[in-house]
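Trainee: A predicted structure for the sequence below; I have some questions about it.
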Amino acid sequence: MNEKLEAQRRAVTRWILRASIGLAVLFLLVGLELFLFRGGVYFPTAPAGAIHVILRDVVHGMLSLRPSAFLDAGLLVLLFTPLARLLSGVVANARARDWLYAFIGIVVVALVSVGLFAGQAGV
């Protein structure tokens, strides 16, 4: 990989990590503030079911200003951070025409995705 592509890969990796940590912290703090604002009386429910159902429930809950939805969103951002990092690595390897590592990255992304989606669906 040439120097320019390597520098871009490092910059994208830094951006992904900073953005995901910042977004996760923001969601967690908003959830905590809503929890405390409502008097600290809350009975959380664990998200369950297929990942698309969890994502839908989190979005609807955030629009309803439910504290648990913001807490779940923060955790989901942290959950998807490694997947975003893997995808950026696949793109970087493809741009560098390093097809072996691009292919390996695609296989890893596929395995993680299948594990995430099939595991949540109970398949």
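Mentor: Thanks, I have the structure now. Numbering: from 1, shown residues only.

Trainee: rest of the way, CA atoms for contacts and neighbours
Mentor: Fine.

Trainee: hey, which helix is longest across the protein?
Mentor: Residue-count comparison of every helix in the chain, with assignments taken from DSSP state H, identifies helix 3-37 as the longest.

Trainee: same for that helix, what does it pack against?
Mentor: In terms of contacts (3 or more CA pairs under 8 Å, 6 or more residues apart in numbering; DSSP states H and E), helix 3-37 is packed against helix 67-95.

Trainee: Show me what secondary structure element comes after the helix it packs on.
Mentor: Of the helices and strands lying after helix 67-95 in sequence (DSSP states H and E), the nearest is helix 99-121.

Trainee: List the contacts of that following helix.
Mentor: Outside helix 99-121, the residues within contact range by CA atoms under 8 Å, 6 or more residues apart in numbering are 48-51, 83, 86-87, 89-91, 93-94.

Trainee: between the residues you listed, which is nearest A24?
Mentor: Nearest to A24 among the contacts of helix 99-121 is L83, at 15.0 Å by CA to CA.

Trainee: If anything else comes up later, I'll come back, but that's it for now.
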